[in-house]
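Student: Give me a model of this one.
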Amino acid sequence: MASPPQPSGMQNTSGVILTVGITTSDRMAIVLPMTYAGGDLTATTLCEDAVNAFIATGLPELMACISEDAACHFVQAEGMLDGYVPHRKEFETAAFPGTRGTPHLPNTVALLVVFYADPVDLPGGARMRVAKTFIPCIAHDDFDGDVFVTTLLDAAQTWADVVQGGIPGIATPSASWFRVLNAPPRTGPGSAMRVLGQEPRGYPGTQRRRMVPH
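Tutor: Numbering: from 1, shown residues only. Alright, predicted model coming up:
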């Protein structure tokens, strides 16, 4: 779905690569490029603020998409550019469990959320650019007839709206962290490509797509 435009001028100098670790019998990770807008953070506080902000606002909505036999194991952030102090928080299993049914589908199956670039940021005549987030540990009960049930897609849409629309910062609540399309090259300062719309796909994403034709 399309949403209001993200702030213009977001730079990788205020960006992090956020990693969310999910644990069951296996370990999986969700990786998100996030950029800060509307406030000032230093090289020692940027990653810490991103982690704490996501835990406060983004993580509960994410775990509302995941089976209760999985849990968040850690959230960490590293600067999009070198020279920023990384930050990581780890959790016991009971701290952030999934909230949907159990057991979960095989770890090769995930819910796919696609994020679309803001066309304003694309060169003239360029094809639409897309970023993907795979959410693992989907409950068996949320899979019906080769598609995901509406309540799960609604939960994923809520999470996607939160990360695209802006997670309030901790140091400056009026500032926000945004899930952007990509991280610019680490060779120097650059603009992050903004996201204008996103959509949870109704079919499962698998490591071998022919497992479930779509």
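Student: Run a quick neighbour tally on Pro168.
Tutor: 14 (other CB atoms under 10 Å). All C-beta atoms are positioned from the backbone trio N, CA, C, and that covers glycine.
Student: residues contacting it?
Tutor: By CB atoms under 8 Å, 6 or more residues apart in numbering, the contact list for Pro168 reads Ala53, Ala56, Thr57, Ser174, Ala175, Ser176, Trp177.
Student: Tell me which entries of these lie within strands.
Tutor: Among the contacts of Pro168, the residues falling in strands (DSSP state E) are Ser176, Trp177.
Student: Asn132 contacts Phe115, correct?
Tutor: Asn isn't right for residue 132; it's Lys. Yes - using CB atoms under 8 Å, Lys132 and Phe115 qualify as a contacting pair, with a distance of 7.5 Å.
Student: In contact with Thr158, which residues?
Tutor: Residues counted as contacts of Thr158 (CB under 8 Å, 6+ apart) are Glu61, Ala64.
Student: what separates it from Val109, distance-wise?
Tutor: As for Thr158, its distance to Val109 is 21 Å (criterion: CB to CB, to the nearest Å).
Student: do Val147 as well
Tutor: Here the criterion is CB to CB. By it, Val147 lies 12 Å from Val109.
Student: again, but for Asn182
Tutor: 25 Å.
Student: Just give me the neighbour total for Asp146.
Tutor: If we define neighbours as other CB under 10 Å, then Asp146 has 11 of them.
Student: Just the pLDDT at it, thanks.
Tutor: If you check Asp146, the pLDDT there is 85.
Student: list the contacts for the most centrally placed residue in the chain?
Tutor: Central residue of the chain (CA atoms, centre = their mean): Leu32, 4.5 Å from the mean position. By CB under 8 Å, 6+ apart, the contact set of Leu32 is Ile17, Leu18, Thr19, Val20, Thr133, Val163, Arg179.
Student: I am finished for the moment; much appreciated.
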